[in-house]
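> my questions concern the predicted model and sequence given below.
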Amino acid sequence: MSTDIRNNWTPSEIKAVYDTPLLELIYHASGLHHQYNDTAEVQVCTLLSIKTGGCSEDCVYCPQAARYNTGVDVQALMQKEEVLTYAQKAKEAGSTRFCMGAAWREVRDNRDFDRVLDMVKGVNEMGMEVCCTLGMLTEYQAQRLAEAGLYAYNHNLDTSKEHYGDIITTRTYDDRLQTLENVRKAGVTVCCGGIIGLGETHEDRIQMLHTLATMPEHPESVPINALVPVAGTPLENNTKVDIWDMVRMIATARILMPKTMVRLSAGRNDMSVAEQALCFMAGANSIFAGDKLLTTANPGFEADNAMFQLLGLSPRKAFKEEAKQYLREMTEV
Ligand code: SAM
Ligand code: DTB
Ligand code: SF4
């Protein structure tokens, strides 16, 4: 099989990769990971919920949807200074990417958005890669974020187009794809992935990976989340995601999109270090750090530092792609 970066994968080719016997799949993914990336480094991103809860949407997995009783405290948009203090702490703890999340259906052109633009500017000036996940965006809003210094925008497909209607009814798959296109046009890097454990079939997972791997450009980062079942949401009783499903998903993503940052995202709090090590072997090279994701628990910085030491991993530097590009241009002159 060719190891070139491909955007023309067919669903049956992806199924063949996904169905490879597990250890063979891990060997294959590891080999490509080694070929295309520095396997000793992992990108460390910190998430902060800048506007929490009270969301109008009906995403069945989400503790922040207003219609479910999950005990999440609704919090208005934070002040810029407070956010910058969190970003500074994250930087000191070794994070190179700071991602701000808001429980919004979409961005509106109002004073709250102006405040988010100021936050983006401030975090960018601190020398961190800034990411936002704010819901749907127009092309103009994406441009304004780009001008403020936004590095990446997170907007997940969550599941396959076929399964989407069982997960969210208040917006469509095409709305999601449109926002991703707007982000691309603005020159902001794309962070887009999904969740497993929503009750989807293997076919749904393959279809979602197909949508990601056949985009004109692969997303620069693909988060693979394991559902964190939260009491009060319709999925509260879903069974825990099997670690082997997580490994299979990560390895397949790595093979389809060899250069993409594949992020071992939600669900790490329930994984042992050995299980996480398998995910890194299978090609994961990014994590969310800090003891909270948006509203749910995550391993703290200390536990992750100990894991990095044990496994011989180190945090990836910020803006590494740009530094590599700069060096290439300098040597071409
Ligand atoms: N409201 C914005 C949106 O939906 O795009 C941004 C925030 S939203 C919480 C970001 C992503 O978090 C979702 O697309 C979903 O993939 C993930 N997520 C939310 N709740 C989760 C859960 N309980 N388990 C795993 N992932 C979850
Ligand atoms: C992503 O793919 N996972 C993160 C981030 N992008 C925004 C969010 C996970 C949220 C898990 C549930 C919570 O903490 O509320
Ligand atoms: Fe709202 Fe985003 Fe949660 Fe959906 S995933 S309910 S849009 S915060």
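Yes, it's here. Numbering: from 1, shown residues only. Ligands and ions are numbered 1, 2, ... in the order given.
> from now on I want contacts and neighbour counts done on CA atoms only, so please keep to that.
Will do.
> can you give me the helices for the stretch 151-300 of the chain?
161-167, 173-185, 202-213, 243-256, 273-281 (DSSP state H, counting those that start in this stretch).
> these: which one's closest to ligand 3?
helix 161-167 (9.5 Å; Cα to the nearest ligand atom).
> how about the residues of the stretch 1-150 of the chain near ligand 1?
61, 62, 101, 102, 103, 104, 105, 133, 134, 135 (Cα under 6 Å from any ligand atom).
> among those residues, name the ones in strands.
101, 102, 133 (DSSP state E).
> are any of these buried, and which?
101, 102, 133 (16 or more other Cα atoms under 10 Å).
> of the residues you listed, which is the nearest to residue 23?
Proximity of these to residue 23 (Cα to Cα) peaks at residue 133, which lies at 34.7 Å.
> give the contact list for that closest one.
99, 100, 101, 102, 153, 154, 155 (Cα atoms under 8 Å, 6 or more residues apart in numbering).
> tell me the pLDDT of residue 3.
For residue 3, the pLDDT comes out at 53.
> what are the buried residues along stretch 295-305?
For stretch 295-305, burial by neighbour count (16+ other Cα under 10 Å) applies to 295, 297, 298, 299, 301, 304, 305.
> what of stretch 35-46?
Those would be 39, 41, 42, 43, 44, 45, 46, for stretch 35-46 by 16+ other Cα under 10 Å.
> in strands, which of those residues fall?
41, 42, 43, 44, 45, 46.
> check contacts around the closest residue to the fourth one other than its chain neighbours.
Read it as residue 44. Residue nearest to residue 44 in three dimensions, not counting chain neighbours: residue 95, with 5.0 Å by Cα to Cα, 6 or more residues apart in numbering. Contacts for residue 95 were tallied using Cα under 8 Å, 6+ apart; they are 43, 44, 45, 46, 289, 315.
> most tightly surrounded among the helices of the stretch 151-300 of the chain?
Highest mean neighbour count among the helices of the stretch 151-300 of the chain (mean count of other Cα atoms under 10 Å): helix 243-256, with a mean of 24.
> that helix vs ligand 2: in contact?
No. Using Cα under 6 Å from any ligand atom, helix 243-256 never reaches ligand 2; the gap is at least 13.3 Å.
> pLDDT of that helix, averaged?
Computed over helix 243-256, the average pLDDT equals 98.
> run the chain-centre distance for stretch 210-222.
Here stretch 210-222 is found 13 Å from its chain centre; the criterion is Cα atoms, centre = their mean, to the nearest Å.
> end-to-end on it?
Start-to-end span of stretch 210-222 (Cα to Cα, to the nearest Å) is 13 Å.
> before we move on, the earlier item: just the closest of the residues of the stretch 1-150 of the chain next to ligand 1 to ligand 3, please.
residue 103 (3.6 Å).
> just the endpoints, please. Distance across stretch 154-167?
With Cα to Cα applied, stretch 154-167 spans 18 Å between its terminal residues.
> chain center to it, what's the gap?
Counting by Cα atoms, centre = their mean, stretch 154-167 comes out at 14 Å from the chain centroid.
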